[in-house]
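> Sequence and predicted structure, then a few things I'm wondering about:
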Amino acid sequence: MAVEFGLSAEKIGETGGDKFAVSINSKAVVTATLAELKQAWSGALQLALHTETPEHLVPEVLQKS
């Protein structure tokens, strides 16, 4: 695709399988299964929003704003 648009490009990795890995100078610096990454991604927003906070606190917090 890069050649088609007159751009240069070089391969920096490949996709496939059920694991994610990042290596620097042939040394693995990040490794995880896709299932682990999906679980972390799918729960990130809920964790960031602290959905375990009781709903009755939300109006009180908003009134103080």
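The structure has been received and is ready for your questions. Numbering: from 1, shown residues only.

> drop to CA atoms for contacts and neighbour counts, all remaining ones
Fine.

> got the contact list for the longest helix along the chain?
Counting by DSSP state H, the longest helix found in the chain is helix 34-48. Outside helix 34-48, the residues that touch it by Cα atoms under 8 Å, 6 or more residues apart in numbering are D18, K19, F20.

> Spit out the contact partners of the second one.
The reference is to K19. Here K19 is in contact with T31, A32, T33, L34 (Cα under 8 Å, 6+ apart).

> roughly how far apart are it and V30?
Distance, K19 to V30, by Cα to Cα, to the nearest Å: 10 Å.

> Can you list the low-confidence ranges for this protein?
51-65 (pLDDT under 70).

> Go ahead and flag the most central residue of this protein.
Of all residues in the chain, the one closest to the mean position by Cα atoms, centre = their mean is W41, 5.3 Å from it.

> In this structure, mark out all the helices, start to finish.
Counting by DSSP H, the helices of the chain are 34-48, 57-64.

> Could you identify the most distant pair in the contacts of K19?
T31 and L34 (9.6 Å; Cα to Cα).

> Give the full set of residues in contact with the closest residue to K19 other than its chain neighbours.
If the residues on either side of it in the chain are set aside, K19 comes closest to T33, at 4.2 Å by Cα to Cα, 6 or more residues apart in numbering. Residues in contact with T33 (Cα under 8 Å, 6+ apart) are D18, K19, F20.

> Counting only strands, which of these make the cut?
K19, F20 (DSSP state E).
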